[in-house]
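Engineer: Here is my input; please provide its structure:
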Amino acid sequence: MNMNMNNSEAMNNAIAFHQSGNFQKAEQEYNKILTIDPNNFYALHYLGLMYYQQQKYALAIDFIRKALGINPADNHALYNLGMVCKDAGLPDEAVTAFRKSLDLNSSNADAHVNLGTMYQAQDLLDLSISHYRIALELDPTLLPAHYNLGYALQRKGQLDEAISHYRIALELDPTLLPAHYNLGYVLQQKGQLDEAISHYRKALELNPNIPDVYSNLALALYDKKNFDEAAIYYQKALELNPNIYDAYNNLGAIAQESGNFADAITCFQHAVRLNPNSAEAYSNLGNALYNIRRIDAALECYEKALSLDPDFAEAHWNLSHLLLLQGNFKEGWKEYEWRPSREDMVSRSFPQLMWDGSPLKGKRLLVCAEQGVGDEIMFASCLPEIIDQAERCIIESDARLVPLFRRSFPRAQVIERQDREKYPPDLPRADCHIPMGSLPRFLRPDIESFPRQPSYLIPDNSRVSEWRKRYGGIGNGLKVGISWRGGSRPDVIRARSIGLEQWTELFSISGINFIKLQYGDCSEELRMAKESLGGIIYDWEDANPLVDLDGFAAQIAALDLVISVDNATVHMAGASGTPVWVLLPFNCDWRWMNEREDTPWYRTVRLYRQDTFGFWHNVLKRVSSDLKHQVNSSSQ
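Structural biologist: From the prediction side, this is the model:
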């Protein structure tokens, strides 16, 4: 109201009532003036402002426009008209008013900010950013300019600069909740999770009733593997808003990680209900159903996911596991080819074409390493055939497997795995390449195509002899290697592993010497087994499965039997022809298929399956019975 005007008693009364919030009296006084002087610019303008304060936008616009009809070059009236139109949801009219105001006075920083917000609402981000920058040149301490510029830069993907302006906004006002929230979101995008979490917590201190803040905080905690705390905040988000798709989807993932598949299914079903077009939700629901072996229902979910998004690599990958589990190798291997497109796979480029199964006569083939050591060993069962087909085969493998592969495949050239995105020019020439996990697509189309080879990896004979001498030194009886932990992800480790306290019945069988094959530091477990369970598990300090895989192969080959959970030990034993009994969880890996007690991958493997998820008692009871029979047979 900082304008020149006639200092009449009526105007003074109107302004006094207006400023005190007595809008009824102010309206009466303004109308008295307009009755006498219908073209009184100040009465029209201030009456319009009073209606704006009462959110009577149509009246406010009408009176301010009447004032501008009298004085169209009044900068303040134009600015106020812009504010009313902005709040009334009339963006075009607001932009026009703000631009006219700035034409009259380009140094109005507030007008630049408001014009910037109007352009931002229309997704004209470059224009909005320009006006915010001008506003800050005029007033570097203008809080709305810093915050809004941060938001516009965030939307443009210019995250570092957005962070800078959010930080300045919070220096100007530490209680600015939207700045805490958006700064947390940007920091989360950049992987700065601890600081993001701190800002989300500050936002919740300012207002504990915003579901999106809880949901984003939960996601940051989830990314930090703080699953229990993440679940708490997802639940709080859903208490405030039971329709948050991401909350249900990620709660399902947390439940699945902890092996609570029933809860996971319920959460994913909610996610599907909230977002029936989400391929991810259907794929996740399929995984949870797959884990409890509701195969037909899981298949429907994967097919629905792919109908929504035919290029969704994760759903193709999950479908491949289901098909291979069922023994549908032909279709399963096709789906398995989607694995390089998954987010957690490292993409590599090669100058050679991918081998398509065509004749390899006269050609050099590069077989590329991928996935883990166990996978490399299992897929290496295809190498003898592919070596026979090609003029020359170059095999990439984990460095720890190179000595073993060179001995086992002498006609091939075995090189260390190259963990580089591009094929190094100093490597041997090849005409085509193929990832090792893609070989079965051409060589294992059905169960009959698996060769009946007893083994295909050849341990070092001299080292095998050394191990046999060591085993001989611990006494008579069967030499049985054991491994009790497996997996890399927490949920897989939990499902596959069997604490040594559950092996008591096996340790009580006489005529057996148990040898540790478990990788990692097991000293405390070995001590506990000896003192509390009466089980002596022999161990040698120079045996290190994590480092010396060639020595590990020799150690396994010198044994009478291996008993192990699903891990790389099983693959090493099976590939080298050592008898191995595999203890499988209810939701076992696809490669062990359904119900079988044997596997086409290895001829010396016997499978012992859980009949109830999480319960190993019956598995170990069967193993104990068979082990007693084995001892009796060997002593006869």
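Engineer: Off-centre distance for stretch 456-467?
Structural biologist: 42 Å (C-alpha atoms, centre = their mean, to the nearest Å).
Engineer: Show me the contact partners of that stretch.
Structural biologist: Stretch 456-467 has contacts (C-beta atoms under 8 Å, 6 or more residues apart in numbering) with 377, 380-381, 383-384, 403-405, 407-408, 550-551, 553-558, 572, 575-576. The C-beta positions use only the backbone N, C-alpha and C, and glycine is treated the same way.
Engineer: go on, stretch 213-231?
Structural biologist: By C-beta under 8 Å, 6+ apart, stretch 213-231 touches 181, 184-185, 188, 193-194, 196-197, 200-201, 203-204, 207, 232-234, 236-237, 240, 244, 246-247, 250-251, 253-254, 257-258, 490.
Engineer: From the residues you listed, which land in strands?
Structural biologist: With strands taken from DSSP state E, there is no overlap with the contacts of stretch 213-231.
Engineer: ok so, going back, mind listing which of the contacts of stretch 456-467 are in helices?
Structural biologist: Mapping these onto helices (DSSP state H) picks out 377, 383-384, 403-405, 407-408, 550-551, 553-557, 572, 575.
Engineer: Could I get the contacting residues of residue 375?
Structural biologist: 436, 437.
Engineer: Name the SS class of it, please.
Structural biologist: helix (DSSP: H, G, I helix; E, B strand; the rest coil).
Engineer: Strands along the protein, start to end?
Structural biologist: 353-354, 364-368, 392-397, 413-416, 432-435, 478-483, 512-516, 537-538, 561-565, 580-584, 605-609.
Engineer: can you put these in TSV and add distance to residue 161 and mean pLDDT?
Structural biologist: Output for these, formatted as TSV (distance: least, C-beta to C-beta, whole Å; pLDDT from 0 to 100):
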stretch	distance to residue 161	mean pLDDT
strand 353-354	42	92
strand 364-368	41	94
strand 392-397	43	94
strand 413-416	43	94
strand 432-435	41	94
strand 478-483	52	96
strand 512-516	56	95
strand 537-538	59	92
strand 561-565	51	97
strand 580-584	53	98
strand 605-609	57	97
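Engineer: what's the average pLDDT for stretch 201-211?
Structural biologist: On average, the pLDDT along stretch 201-211 is 97.
Engineer: List the buried residues in it.
Structural biologist: 202, 203, 204, 210, 211 (16 or more other C-beta atoms under 10 Å).
Engineer: Send over it as PDB, restricted to the C-alpha atoms.
Structural biologist: Backbone C-alpha positions of stretch 201-211 (Å, rounded to 0.1, in the frame of the first residue of the first chain) are rendered in PDB as follows:
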ATOM      1  CA  ARG A 201      14.700 -36.600   9.400                       C
ATOM      2  CA  LYS A 202      14.800 -32.800   9.700                       C
ATOM      3  CA  ALA A 203      11.800 -32.500   7.400                       C
ATOM      4  CA  LEU A 204       9.900 -35.000   9.700                       C
ATOM      5  CA  GLU A 205      10.800 -33.000  12.800                       C
ATOM      6  CA  LEU A 206       9.200 -30.000  11.100                       C
ATOM      7  CA  ASN A 207       6.100 -32.000  10.000                       C
ATOM      8  CA  PRO A 208       5.700 -35.600  11.000                       C
ATOM      9  CA  ASN A 209       2.700 -36.100   8.800                       C
ATOM     10  CA  ILE A 210       4.100 -36.200   5.300                       C
ATOM     11  CA  PRO A 211       3.900 -39.700   3.800                       C
END
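Engineer: starting at the chain centroid, how far to that stretch?
Structural biologist: 25 Å.
Engineer: coming back round to it: export the buried residues of stretch 201-211 to JSON lines and append columns for distance to residue 502.
Structural biologist: Below are the buried residues of stretch 201-211 laid out as JSON lines (distance: C-beta to C-beta, whole Å):
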{"residue": "202", "distance to residue 502": "47"}
{"residue": "203", "distance to residue 502": "46"}
{"residue": "204", "distance to residue 502": "43"}
{"residue": "210", "distance to residue 502": "47"}
{"residue": "211", "distance to residue 502": "43"}
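Engineer: Tell me the one among those residues nearest to residue 533.
Structural biologist: residue 204 (48.2 Å; C-beta to C-beta).
Engineer: So the closest one is in contact with residue 212, correct?
Structural biologist: No: using C-beta atoms under 8 Å, residue 204 makes no contact with residue 212, being 10.9 Å away.
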